Each structure stands twice: as C-alpha cells, then as structure tokens.
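Peer 1: with the input below, show me the fold.
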Amino acid sequence: MKNQLTKSIAVGLVALSVWNCKTSDPTPTPYESGVFILNAGNFSSNNGTVSFLSRNSNVVATNIFQTANPSLALSGGVQGYAEVNGKGLILVDNSTAGQDKVEIVEAGTFVSRATLKTPDIENPRQVISAGPNKAYISCWDVSGDYSAGTFYKDPGYIAVVDLNTSKVTKKIPAVKGVEKMVISGTEAFVGSNTYSGDQTLLIIDLNTDTEKQRIAFGSTPEPIALDATGKLWIQAGKDLVQLDPTSRAVAKRLTFSAAPGSVTISGDKRNFYYTLGGKTYSISIDANTASGSVVVNRSFSALGIDPQTGRIYGTVIPSYAQAGYVIRYESSGTLVDSVKAEIAPSGLYFR
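Peer 2: Predicted coordinates:
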C-alpha cells in the first residue's frame, strides 16, 4: 500500500510538471508593443530600413529586417507597411526599374516568409488588410517619363495578395497614380496621388475584387480614415471632406487656407491631427469650420497617434544623408522625448 501511494504521488507530480510546461506563458516576441518606424532612406542609395520603438523605451532597434534575416536586404526605399493575420507586408521601392518588391514577414519577429517581385509588384504605394488572409497593395505600375508628363501609367492597379499562398492572385485596374485606400464594410475606397491629376474616387467590391463604382470628385481624392460615426474622410487639396460611404453623399466640407499635411486620425476616431503653416493642429470630426487648435508649435514630415496611449509621434528628416528623429508628445502637446531613428523616417505603424 505504501509503495502504491508513493507511486501515485510520483505520477501526480510528473503530471503536474507536464501540465505546468504545457501551460507556461508563450515566449514574447521582440516587437510586441510599440511602433514600427518606416525609414525611406535615400532613394538613389536604396538604403531604406524599418526600425522599432517600444512604448516603454527611448532606444530604437534599428534595421530589424536585416537583424532577423542576416542574409537578406530590403534594397530599396521603404514605402509602406501593414499587418494581416500575423503577417507583415513591407513595401520596397527600388530606384532601378524591375527591382521593386514586397517582403512578407512574421509580424512579431520580422523573419522573412516570402517575397513578391516584379512584374506582380511595380511601384508599390500602400498596403491594407482586405480580409482575413487578403491584402490590397496599390501600385503605380511601371514609371514613365516625368518631364513628358507620362510618369504615372494610366491606370495603375491594386495587387490582390493571398496570404495563404503568398502570391498575387489578381491585378485590379485602378486610377492613375493610385495610392491611398480605406475600407468601409465590404468596399474599398481608393484615391490617387495629388501630383497625378486624377480626380476619380474608385470603389472596389471586396467580395469579388472588382470595380463597383467611380465617382468624379472634382479634385484629387486621398482617402484618410473612417471616423467614430462610420463616415469616410477624404482630403481633396485644401479640403477635408466627410462622405457617407453608404449613400456616397458629402456630409460636410472643411476648407483650409492651404492643403493640410500629414493628416491622421486619433485612436478614438474623434479628432484629426495635421500640419499647416509650420504648426501641428487638432480638429474635431464635429467641427463645421476649418479652425483647428494648435497642439505643437512645429510641423513634421509624418504624424502618428498611438491608439493605446494617445501620444503624438512626429518624424523629423534633417536630410536624406543622416539619421532622422521621432519626437513624442502627450496628447496635450507636452514634450515626452526625442528619439534617434534612421535615414528619412517617413511613416509609422503602431502595434
């Protein structure tokens, strides 16, 4: 009996040990909570990088793609980044024709999983999640002659990427200079680059990956975000336009003295932040006139609002031959710190 009791206790301890092993906390990934800094680099040098800044640190982890993949290099300017179902997509624009690509990585570690290359990817501009395992990438297509007025191919396209197979499954004809995209329900609202001159707002059906409607907008539309009421905001030159995505009706139009820069929405989707005249402002989505409040007495190359903390992140590019900076502020405009990044920090992605 004593031996049986001893064996029972031993078996119980082993089972408990195994259970503890199986239920232990997962190993944290190196890029768990913070912001990816998208450094465009010097275009002719093709030396763009991605950095990571933790919310609780003032030290940047530099060139994290190279760190995770020592035998690989981005080899181009970093144009954009987004995450879809645990996968990160890095848009890489190379100064040499035919060398553009998209690197697909594990979002938490930046370990490379696949590479999309030309001719599937030509001049990638923005990437968004278009479904559980689907991404849309806006592409200008092959560049033409800028001096001849034919730089933007007409039309550009949206590459549909299946993240299960890491392949481009379709190219949706878009608009000239196609760039920014915002999802509302089962539709993608697609605009173009200001310099393209295209004035069409394109609407794509996410279920069929086909064109649904084109709206003549009167000026170049650049979709920004959906607000807290579900309305779509679009920048059109000096105007910020609030559009009902269901009826397509314009709800209101705010006209500024000049085109606001780096327009981005707050985490609660109730305020916009933008730069104008060397200062950074905030304005409520409920405003009926273009009269924002000064938050920071300077402007930035790019703005981002941390959805968790509400802090303002602004990037500074001293030149395209030296490291830039990310400056953080409380939502009130109080300075937090200034952190050295890499060459030409031009975008921010929070996770």
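Peer 1: please report the distance of residue 134 from residue 206.
Peer 2: Going from residue 134 to residue 206 by CB to CB, to the nearest Å gives 8 Å. From N, CA and C alone the C-beta is placed, and that goes for glycine too.
Peer 1: residue 254 and residue 278, how far apart?
Peer 2: From residue 254 to residue 278 the distance is 20 Å (CB to CB).
Peer 1: more neighbours: the two, which one.
Peer 2: Comparing residue 254 with residue 278 by other CB atoms under 10 Å, the one with more neighbours is residue 254, at 20 against 8.
Peer 1: wait, isn't the more buried one in contact with residue 239?
Peer 2: Yes. In this structure residue 254 lies within contact range of residue 239 using CB atoms under 8 Å: 6.5 Å.
Peer 1: what sits closest to residue 154 if chain neighbours are left out?
Peer 2: Of all residues not flanking residue 154 in the chain, residue 176 sits nearest, at 4.1 Å (CB to CB, 6 or more residues apart in numbering).
Peer 1: in three-state terms, label that neighbour for me.
Peer 2: coil (DSSP: H, G, I helix; E, B strand; the rest coil).
Peer 1: what's around it, how many residues?
Peer 2: A count of neighbours around residue 176, defined by other CB under 10 Å, yields 20.
Peer 1: how about the contacts made by it?
Peer 2: Contact analysis of residue 176 by CB atoms under 8 Å, 6 or more residues apart in numbering lists 152, 153, 154, 155, 156, 192, 196, 197, 198.
Peer 1: least trustworthy helix or strand in this structure by mean pLDDT?
Peer 2: Within the chain, no helix or strand scores below helix 2-22, which has a mean of 42 by mean pLDDT, DSSP states H and E.
Peer 1: next secondary structure after it?
Peer 2: strand 34-39 (DSSP states H and E).
Peer 1: note down every partner strand of that next one and its orientation.
Peer 2: strand 49-54 (antiparallel), strand 345-350 (antiparallel) (DSSP bridges).
Peer 1: would you turn these into TSV with mean pLDDT?
Peer 2: Formatted as TSV, the strands paired with strand 34-39 follow (pLDDT from 0 to 100):
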stretch	mean pLDDT
strand 49-54	98
strand 345-350	98
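Peer 1: using TSV, lay out those strands together with mean neighbour count.
Peer 2: TSV is the format used below for those (neighbours: other CB atoms under 10 Å):
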stretch	mean neighbour count
strand 49-54	22
strand 345-350	21
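Peer 1: now those strands as TSV including distance to residue 247?
Peer 2: Formatted as TSV, these follow (distance: least, CB to CB, whole Å):
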stretch	distance to residue 247
strand 49-54	40
strand 345-350	31
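Peer 1: of those, which approaches residue 297 most closely?
Peer 2: For residue 297, the closest of these is strand 345-350, at 20.3 Å, according to CB to CB.
Peer 1: return the distance of the closest one from the chain's centre.
Peer 2: Taking CA atoms, centre = their mean, to the nearest Å, one finds the center of strand 345-350 at 7 Å from the center of the full chain.
Peer 1: so what's the closest residue to residue 266 other than its chain neighbours up against?
Peer 2: Distances taken as CB to CB, 6+ apart place residue 305 nearest to residue 266, at 4.9 Å, with adjacent residues excluded. Going by CB under 8 Å, 6+ apart, residue 305 touches 264, 265, 266, 267, 273, 311, 312, 313, 331.
Peer 1: list buried members of these by neighbour count.
Peer 2: 264, 265, 266, 273, 311, 312, 313, 331 (16 or more other CB atoms under 10 Å).
Peer 1: what distance do you get for the third one to residue 311?
Peer 2: Plainly put, residue 266 is 11 Å away from residue 311 if you go by CB to CB.
Peer 1: tell me, what's touching these two both at once?
Peer 2: By CB under 8 Å, 6+ apart, the residues touching both residue 266 and residue 311 are 305, 331.
Peer 1: where does the stretch 201-350 of the chain dip in pLDDT?
Peer 2: The stretch 201-350 of the chain contains no residues with pLDDT under 70.
Peer 1: tell me where it has strands.
Peer 2: 210-216, 222-226, 232-236, 239-243, 250-255, 261-265, 271-276, 279-284, 293-296, 302-305, 312-316, 323-329, 335-343, 345-350 (DSSP state E, counting those that start in this stretch).
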